Every structure is written in structure tokens, then in C-alpha cells.
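sequence first, predicted model second:
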Amino acid sequence: MEDALAIVGQWIGLIKSAKFAVSEVIRDCEERVAAGAVTTEEDFTEAMDSVQTALSTIIMRLEEQEEALENELEDEEE
């Protein structure tokens, strides 16, 4: 059980890192659009927003799983 909890924690960290990286890409692209260097901003922004939404959903589900595993572990210890 503790191993499963550790793995879920690692996945949460990895996905949060990916979400941060996507945010940085979006910010960089917004700067390029403002500078007039990008012409397909709308399509790219929609795609990146979809990725952000998907990552947020995955993080939420993993955090729920982590909480469930923590509760199971506490129940086993009692």
C-alpha cells in the first residue's frame, strides 16, 4: 500500500511539472504573438488549453487516488 501511495505521489509530481512546462510554452507563445512572430496563435492556444485541462483532470484524479490510498493505509494501521 505504501508503495502504491509513493507511486501516485511521484505521478502527481511529474504531471504538475508537465503542466508547469505547458504553461511556460503558452506564455512564450503569447509573447511571440504579441511581437507578431506567430500567425496561428488561436489554434495553438486551443490545443495548449486542451492539454492544460487534461493535465488538471489527471492531477485531480491522482490526488483523489492518493487520498483514498492514504485513508486505506490509515485504516490498516488501526
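Now that the structure is in, tell me what you want to look at.

CA only for contacts and neighbour counts going forward, please
Will do.

which helix or which strand is home to the residue nearest the centre of the chain?
Central residue of the chain (C-alpha atoms, centre = their mean): residue 55, 3.6 Å from the mean position. Per DSSP states H and E, residue 55 falls inside helix 41-77.

buried sites along that helix?
Residues 41, 48, 51-52, 55, 58-59, 62-63, 65-66, 69-70 are the ones in helix 41-77 that count as buried (16 or more other C-alpha atoms under 10 Å).

returning to that earlier point: what's the closest non-adjacent residue to the residue nearest to the centre of the chain?
residue 19 (6.2 Å; C-alpha to C-alpha, 6 or more residues apart in numbering).

count of neighbours near that neighbour?
Neighbour count of residue 19, defined by other C-alpha atoms under 10 Å: 19.

and residue 55, what is it in contact with?
Residues near residue 55 by C-alpha atoms under 8 Å, 6 or more residues apart in numbering: 15, 16, 18, 19.

separation between it and residue 45?
Residue 55 sits 15 Å away from residue 45, taking C-alpha to C-alpha, to the nearest Å as the criterion.

run a quick neighbour tally on residue 3.
By the measure other C-alpha under 10 Å, the count of residues near residue 3 is 8.

please name the residues that touch it.
Residue 3 makes no contacts at all, as judged by C-alpha under 8 Å, 6+ apart.

coming back round to it: which helix or strand contains the residue nearest to residue 55?
helix 2-34.

where does the prediction get shaky in the protein?
Segments of the chain classed as low confidence (criterion: pLDDT under 70) are 1, 38-39, 41.

how much space separates residue 72 from residue 7?
Distance from residue 72 to residue 7, counting by C-alpha to C-alpha: 15 Å.

check residue 60 too.
Distance from residue 60 to residue 7, by C-alpha to C-alpha: 15 Å.

just residue 69 next, same as before
From residue 69 across to residue 7, the span is 11 Å (C-alpha to C-alpha).

and if you look at residue 30?
For residue 30 relative to residue 7 (C-alpha to C-alpha), the value is 35 Å.

more neighbours: the two, which one.
For residue 30 and residue 7, the more surrounded residue by other C-alpha under 10 Å is residue 30, and the numbers stand at 16 against 13.

what's near enough to touch residue 21?
Per C-alpha under 8 Å, 6+ apart, neighbours of residue 21: none.
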